[in-house]
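Chemist: show me the folded form of this:
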Amino acid sequence: MVDFKVSKRMLVNFRGQNKVVGGLTDKDKISILLYISKEFANSDKEDQLFSKVISICQEIFESDNTTLRLWDGEFLVPVKFVVETEPPRRNLKSGEGYSGTVFQSGNPILVNDLTRSPDFIDEGEKTRSVMCVPIMQKEESLGCLAVESNRENFYIQDDLEILEALTSQLALALSSVRLIEGLVTARAREAAILTQLEWDLKMGRNVQSQILPQDLSPWNGVDFATHYEPMAEVSGDLVDIVRQGHSLTAMNIDVSGHGIPAALVTMAIHHQFRRSVLAGLGLTEIMEELGENLRGQLPESTYFTAFLVRIFSDYSFGYVNAGHQRMLHYKAADDIFEQYDTKGVPLGILPVNKLDYEEKQGRLEPGDFLLLISDGFSEQRNPEKEEAGVERLLSWLHDEREKLLIEGKGKFDLKTLSLKFLSRFKEYQGAAPIGDDLSYLFLHCNDALPEASHYIHMAKQANAKLKSEDAYALASKAFSIEPSLKETLMFLGKINYRDGHYLESIRYLEEYLKTSGDTTAASHFMMGRAYYKAGKISEAKRALKMALSSDHSFAKASILLAQCYLKENAKPKAIKVLQQGVKNTPQNTELKASLVKLEGIAQKAS
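Modeler: Here you go, the predicted model:
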């Protein structure tokens, strides 16, 4: 039984749409992740573990049924469920039904209305909405977990994210339970089991690595390089990056202790950090959220340190420290390093609020870089038991940067600098064992930014004077110098669209959305409009739906989405889109006129 209160969810009809109200709050979700890890850690038998999985799903998702299926080499076998269905559950082949589809693809699904997906259910089944997630061990799918409701539209994307986190921990726990049972019943196989334990820990590292930043492409002229190295197979260190269009927020954290307990805590921190950033919280507010939402759920004597930095489009930045290693700032113009610190205590020990933390500001100039780094580097000892220390790290960075500038005739590659720094560290470490988890994140401001900014400024001036040929040439020059500059990507996307070069417009807008992290309705609408003009209707629908998910009252997106359905001769869907648009924005006369016209055409056709 969970030891925190979760409000009951209800399905209500609001403006013609079914909406879920109640259910999980953000605080519930963090509590649930830690609750799951505690519950799974106390299971030493498969059947006990499976029963806990089913009861947890019943409790937090209020499901009518939950089904756990495992792969036996030929079929997906239902090994645990709440109640038998009518018709009874059967073994499924890979790719059969929603469970087989998820198992085969390795991708989770959320289906709001199964009556619209008859291939997913057997005749007579009562299930109407389902979340189904694969249970992954490295690249191998072990089975799947389905949470089912007899009501339509009963689950939302947040529920699916929690279920994915649950199955990641289930895969680890299942491996551990199987090892424990094997140790008890087969001592003669001790060597083989220890080998399996090593494999499972490696699998745990693979699961944890999925929460590390996967996209290290530049953001608005800022390049990234990172390193992550656990002391054991899994780590209590974590780095993360969240892009938000006009800003980028980065984090480096260090959980006390090592191994699986610390690694499980990093997963909860990762989830809370991303939710807090995307909710628009300031840096000190994020520290408060991390501390207060996790403190009561952490294992005994566990705490963590954190350093947050937020870079804005004008390259100013703010930073907050919670007892972590200081951030390093290399200032290229002065050829010096500065170390940044602020007032703030580690998280998870005592109650905290945002006033316990101090935010300071700085600015990145072209050629500068910031380095978020864990104390495992400065505290590493060599074979002579001498500690590396921060000053030694700074000297390595300075020396290697100078060498690369000479070799590159005034330029250097950030990833090469990262590797050279790591090589110097390994050389110093020698045969001594790693003393702690290691992680760092470089954030480098490209020294070519002034030149690229100059050309895009000239391109805009040329465009204002109706000198299109010059505008294209100058903007293309800016793009060749620094391809990630948001201003350049948006400008090239807009002028190519204006001049009917829709495929070229798509090229730049896609890159803009990918690298900037912009999720506004206007940007997705612009993308959808370019797809539509290029005849890419499926892609246009996807972009327009994303625009409407950001702003359901965006009338232009509703109208263009309806036009996409008309292109596919799907008038009923087009009418439904416009009807929903009118419900969301009843004052919009253009939407009303479009709906009346389309309904009239449909009536005549019938």
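Chemist: could you confirm N252 falls within a strand?
Modeler: Yes: under DSSP: H, G, I helix; E, B strand; the rest coil, N252 sits within a strand.
Chemist: just list whatever residues bridge to it.
Modeler: Beta-bridge pairing for N252 (DSSP bridges): V239, F307.
Chemist: and W71, by the same measure?
Modeler: Bridge pairing for W71 - DSSP bridges - gives L76.
Chemist: my guess is it contacts L142. True?
Modeler: Yes: with contact defined as Cβ atoms under 8 Å, W71 counts as touching L142 (6.2 Å). Placement of C-beta: from N, CA and C, glycine included.
Chemist: now the strands for the stretch 1-150 of the chain?
Modeler: Applying DSSP state E, counting those that start in this stretch to the stretch 1-150 of the chain gives strands spanning 7-14, 17-23, 65-71, 76-81, 109-111, 129-137, 140-149.
Chemist: again with the stretch 401-550 of the chain
Modeler: 438-445.
Chemist: which parts of the stretch 151-300 of the chain are helices?
Modeler: Counting by DSSP state H, counting those that start in this stretch, the stretch 151-300 of the chain has helices at residues 157-185, 190-209, 259-278, 283-295.
Chemist: out of those helices, which gets the lowest mean score?
Modeler: Among the helices of the stretch 151-300 of the chain, helix 190-209 has the lowest mean pLDDT, at a mean of 58.
Chemist: what separation is there between E402 and F442?
Modeler: 16 Å (Cβ to Cβ, to the nearest Å).
Chemist: is G318 in a helix, a strand, or coil?
Modeler: Looking at G318 with three-state DSSP, the answer is strand.
Chemist: do you know how far S395 is from F425?
Modeler: Counting by Cβ to Cβ - S395 and F425 are separated by 12 Å.
Chemist: for G493, same thing?
Modeler: Taking Cβ to Cβ, one finds G493 at 42 Å from F425.
Chemist: how about low-confidence regions in the chain?
Modeler: In the predicted model of the chain, residues 1-29, 41, 43-44, 179-211, 233-234, 602, 604-606 satisfy pLDDT under 70.
Chemist: give me the number of residues near the residue lying closest to L216 once chain neighbours are set aside?
Modeler: Counting by Cβ to Cβ, 6 or more residues apart in numbering, L216 lies nearest to F224, which is 4.6 Å off, once chain neighbours are set aside. Residues lying near F224 (other Cβ atoms under 10 Å) number 22.
Chemist: so F224 bridges to which residues?
Modeler: F224 has these beta-bridge partners by DSSP bridges: L443.
Chemist: residue contacts, it?
Modeler: F224 makes contact with 213, 216, 218, 241, 414, 441-444, according to Cβ atoms under 8 Å, 6 or more residues apart in numbering.
Chemist: again, but for D499
Modeler: S468.
Chemist: I'd like the distance between it and L492.
Modeler: From D499 over to L492 (counting by Cβ to Cβ), the distance is 11 Å.
Chemist: and if you look at N112?
Modeler: Counting by Cβ to Cβ, the gap from N112 to L492 is 38 Å.
Chemist: higher neighbour count, these two?
Modeler: When N112 and L492 are compared for neighbours, L492 comes out ahead with 26 against 16, by other Cβ under 10 Å.
Chemist: correct me, but that one touches F479?
Modeler: Yes: taking Cβ under 8 Å as the definition, L492 is a contact partner of F479 at 6.4 Å.
Chemist: which residues do these two both contact?
Modeler: Y508.
Chemist: now S51, nearest residue through space, not along the chain?
Modeler: Nearest to S51 is K80, by Cβ to Cβ, 6+ apart, at 6.9 Å.
Chemist: please look at the one you found and K52 and confirm they touch.
Modeler: No: assessed by Cβ under 8 Å, K80 is found out of contact with K52, at 10.0 Å.
Chemist: can you give the distance from stretch 483-492 to the centre of its chain?
Modeler: Offset of stretch 483-492 from its chain centre (Cα atoms, centre = their mean, to the nearest Å): 24 Å.
Chemist: just the residues contacting it, thanks.
Modeler: Outside stretch 483-492, the residues touching it (Cβ under 8 Å, 6+ apart) are 217-222, 245, 313, 449, 452-453, 456, 459-460, 463, 475-476, 478-479, 482, 504-505, 508-509, 511-512, 515-516, 518.
Chemist: of those, buried ones?
Modeler: Buried residues within the contacts of stretch 483-492, counting neighbours by 16 or more other Cβ atoms under 10 Å: 218-222, 245, 449, 452-453, 456, 459-460, 463, 475, 478-479, 482, 504-505, 508-509, 511-512, 515-516, 518.
Chemist: just the endpoints, please. Distance across stretch 251-262?
Modeler: One end of stretch 251-262 to the other measures 17 Å (Cα to Cα, to the nearest Å).
Chemist: ok now it, how far from the chain's centre?
Modeler: Distance, centroid of stretch 251-262 to centroid of chain: 19 Å (Cα atoms, centre = their mean).
Chemist: wait, isn't D113 in contact with N153?
Modeler: Yes: counting by Cβ under 8 Å, N153 is a contact partner of D113 at 6.9 Å.
Chemist: hey, what's in contact with both of these two?
Modeler: By Cβ under 8 Å, 6+ apart, the residues touching both D113 and N153 are S129.
Chemist: just want to know which of the two has more residues nearby.
Modeler: Regarding D113 and N153, a neighbour count based on other Cβ under 10 Å identifies N153 as having more, with 15 against 12.
Chemist: that one against V111, yeah?
Modeler: No: the pair N153 / V111 is not scored as a contact, 10.1 Å apart, by Cβ under 8 Å.
Chemist: overlap in contacts of these two?
Modeler: S129.
Chemist: E86 - nearest residue in space that isn't next to it in sequence?
Modeler: G124 (6.4 Å).
Chemist: can you report how many residues lie near that neighbour?
Modeler: 8.
Chemist: gap between it and N91?
Modeler: From G124 over to N91 (counting by Cβ to Cβ), the distance is 18 Å.
Chemist: check contacts around the residue found closest to S550 once you drop the neighbours it is linked to in the chain.
Modeler: Leaving out its chain neighbours, the residue that sits closest to S550 by Cβ to Cβ, 6+ apart is A521, at 4.0 Å. Shown in contact with A521 (Cβ under 8 Å, 6+ apart): 547-548, 550-551, 554, 557.
Chemist: follow-up on the earlier one: who has more neighbours, S395 and F425?
Modeler: The residue with more neighbours, out of S395 and F425, is F425; 20 against 13, by other Cβ under 10 Å.
Chemist: now do the SS call for the closest residue to the more buried one other than its chain neighbours.
Modeler: Nearest residue to F425, sequence neighbours excluded (Cβ to Cβ, 6+ apart): F377, at 6.3 Å. The assignment at F377 comes out as helix when based on three-state DSSP.
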